[in-house]
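A.B. asks: Give the three-dimensional model of this entry:
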Amino acid sequence: MKKNKDYMFQTKIDSRTDFEKGIYYKTCEGKDVATMEEVMQYNQMFYESMMIKKERKPSENKDDMSR
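C.D. replies: So this is what the prediction gives:
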């Protein structure tokens, strides 16, 4: 298979997006953000909130856990 050297991945600018260059990222909940750093921050907050909810949930088998 012959590779086409002229073909390159290029970012297409889409004027319909809110962001200047037409590039956006999605968080774990589907929210659009402008940078990957925002994605990481949002996903970390989401994960921490899920862990807090999980810790607050009472264990059904407390007797089985203690020895």
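A.B. asks: buried stuff in the lengthiest helix in the chain?
C.D. replies: When the chain is scanned for its longest helix (criterion: DSSP state H), the result is helix 36-56. In terms of neighbour count (16 or more other Cβ atoms under 10 Å), helix 36-56 has its buried residues at 39, 42. Every C-beta, even on glycine, is put in place using the N, C-alpha and C of the backbone.
A.B. asks: what sits up against it?
C.D. replies: Residues outside helix 36-56 that contact it (Cβ atoms under 8 Å, 6 or more residues apart in numbering) are 25, 26, 27, 28, 29, 31, 33.
A.B. asks: Max pairwise distance over these: which two?
C.D. replies: Between any two of these, the greatest separation by Cβ to Cβ is 12.3 Å, found for 25 and 29.
A.B. asks: which of the two has more neighbours?
C.D. replies: residue 25 (16 against 8; other Cβ atoms under 10 Å).
A.B. asks: nearest residue to that one other than its sequence neighbours?
C.D. replies: Among residues not flanking residue 25 along the chain, residue 39 sits closest, at 4.7 Å (Cβ to Cβ, 6 or more residues apart in numbering).
A.B. asks: how close does that neighbour get to residue 53?
C.D. replies: Residue 39 is 21 Å from residue 53, where distance means Cβ to Cβ, to the nearest Å.
A.B. asks: Now go through the contacts of helix 36-56 and say which are in strands.
C.D. replies: Per DSSP state E, strands hold the following members of the contacts of helix 36-56: 25, 26, 33.
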